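Undergrad: Need coordinates for the below:
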Amino acid sequence: AEDLNGTQSSFPWKTAPHVSLMGLLVILNIATIYYFNVVNKSGVIWRNGDTVHYVLHLDRMVTGIAVFFREHLPVAVMRLMTWSVLVTEAFIMMLILAPEGRRITRPLAMVLMTGLHGSFGIMMRLGPFSWFMICWSFLFPQPVHWEILNRWYSKRSRKWTVVYDRRSALAFFLCRLFARLDHCERLRFEASDEAVQAPALVTIRDVETSEERVDRAALEEIFRVLPAGRFLWPLSRVVTFGLIGIYLDYVVRHREVVARSLGLDLRVREPLMTDESSPVVKRLAQVRAGAREFVVAWFFLCAASQVINENKATPAFLKHTQPWLMQATIGYPRMYQGWGMFAPNPISDDGSVSIEAITIDGRHVDPFTGQEPDLDLSDARGLGLGQIRQDYWNRIRFDRNKVFRQGLKEYLLRWHEETGRAEDELVAFDVYWLRDQCPLPGQTKPYKHEKIAILTYRKPGYRPPPGKPPLPPEPKVESAGN
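TA: All right, here's what the predicted structure looks like:
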């Protein structure tokens, strides 16, 4: 019990925080993202405030919520939203780098990042980008913020004395777990009286009122006073469909069975090594820390070089040729640093791939939707494409990616194997890049619709059965972009 009560004070990080160059560099990298996302957006569409209008009309990227807003928001509001994005991104960068007042600036940066990227995430299909940026903001809290949170949480939770069954290995194991999680120091531990023959697994007693809880009720209260426990306990009931109470009852009633299944016992084991490390171990720890910081510094140098080379706003005289080792360091983990979403101007033309295929039984179908081909984007209200699908379609159209169209062709030829239906065999298909211009500000209808064939196929020697029309002629394959 004495060791359990001293657990929190024994943690080195309570008084000696971990220090690494990585802490500084990650914060600088996040600030760099926002800096270049502001300075790279130098186009006339951004200056005129029309970016939100164009982005909301990119049917291949937007969600249903974005479609609703584009149909109801006035132009003036969209322009205000466009300029507010630039102001917010610039403000976030300054808040992150502010040398003073971080007790206020860092939480404010977290709030702005959550609002900004949360809006992006629900309006556009950008994959994990928006949510990752929100998660990165949790690097900002300072020790003072955790102290404030600790005090706030402690004022609203009770202090308990935990009396555990000294004869139960499971009870001691649970108390070790509770002691390590009890960062708010709401628990104090005592062993049960030796004279009691059949004590409860765990009994808790309120320090102020002496109110007692036993076993299942005690475990529930302990869970609630642990950090975030009062919020996680209701969630645990939902996740387990209300069965967590039954699990706790089983643990209490079959404590010995559970202890044996976990390999628990009360034998005292000698420590594998003393607390005092040898000079060699200390020296190796220093060498390891030095090597770690050297690797971090190298990654910083590579990232800084990539920031200079990849962003349009950096002066030309700063751009340089990277050595092969630096290129490999950046390329293998894809540590690219080009920050400029919709820069210098947003995309003003919308486009996606649609496939007109003919099955062996004469049906016209788009294998990627399972429905009849839709070769007109002008009436679209969001295409419902995921981030991977939309990016694949956007890239497969480029001439530089022609080599990858062979894989698309092979997939389509095997489509009937994917569906398991022989009648789904494709005897002809035409892959089109559909493109139109987003409506001008103040308008709602796209214009200049184009249909460009980028891949075609006709089954050699195929003749339609009697009564079926012949296969249509192959369209001319053209370039849909470089």
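Undergrad: mind checking how far Arg103 is from Ala453?
TA: Applying C-beta to C-beta, to the nearest Å, the value for Arg103 to Ala453 is 60 Å. C-beta here means a position set from N, CA and C on the backbone, and glycine is covered the same way.
Undergrad: In this structure Pro439 contacts Lys445, no?
TA: Yes - contact criterion C-beta atoms under 8 Å: Pro439 and Lys445 qualify, at 5.5 Å.
Undergrad: out of those two, which sits in the busier spot?
TA: Neighbour count, other C-beta atoms under 10 Å: between Pro439 and Lys445, Pro439 has more, with 18 against 10.
Undergrad: Just say helix, strand or coil for the more buried one.
TA: Put simply, Pro439 is coil when judged by DSSP: H, G, I helix; E, B strand; the rest coil.
Undergrad: Kindly report the same for the one 4 residues further on.
TA: Secondary structure assignment for Gln443 (three-state DSSP): coil.
Undergrad: Can you give me the buried ones in stretch 371-378?
TA: Using 16 or more other C-beta atoms under 10 Å as the test for burial, stretch 371-378 gives Pro373, Leu377.
Undergrad: Closest to the centroid, which residue in this structure?
TA: Nearest residue to the geometric centre of the chain (C-alpha atoms, centre = their mean): Phe132, 3.8 Å.
Undergrad: Give the other helices and strands that the helix or strand harbouring that one contacts.
TA: Assigned by DSSP states H and E, Phe132 falls within helix 129-136. In terms of contacts (3 or more C-beta pairs under 8 Å, 6 or more residues apart in numbering; DSSP states H and E), helix 129-136 is packed against helix 21-39, helix 102-123.
Undergrad: How far off centre is the helix or strand hosting Arg395?
TA: According to DSSP H and E, Arg395 maps onto helix 387-396. The chain centroid and the centroid of helix 387-396 are separated by 19 Å, computed with C-alpha atoms, centre = their mean, to the nearest Å.
Undergrad: C-terminal to that helix, what's the next element?
TA: Next helix or strand after helix 387-396 toward the C-terminus (DSSP H and E): helix 405-413.
Undergrad: Next, the residues that contact that following helix from outside, please.
TA: Around helix 405-413, the neighbours that count as contacts under C-beta atoms under 8 Å, 6 or more residues apart in numbering are Ile355, Ala357, Pro367, Ile396, Glu418, Leu426, Phe429, Val431, Ile454, Leu455, Tyr457.
Undergrad: now do 6 Å
TA: Residues outside helix 405-413 that contact it (C-beta atoms under 6 Å, 6 or more residues apart in numbering): Leu426, Phe429, Leu455.
Undergrad: Could you point out the helix or strand that follows it?
TA: helix 415-419.
Undergrad: Report how many residues lie close to the closest residue in space to Trp415 that isn't next to it in sequence.
TA: In this structure, Trp415 finds its nearest non-sequential neighbour in Pro367, 4.8 Å apart by C-beta to C-beta, 6 or more residues apart in numbering. Using other C-beta under 10 Å, Pro367 has 18 neighbouring residues.
Undergrad: one step back: more neighbours: Arg103 and Ala453, which one.
TA: Between Arg103 and Ala453, Ala453 has the larger neighbour count (other C-beta under 10 Å), namely 16 against 12.
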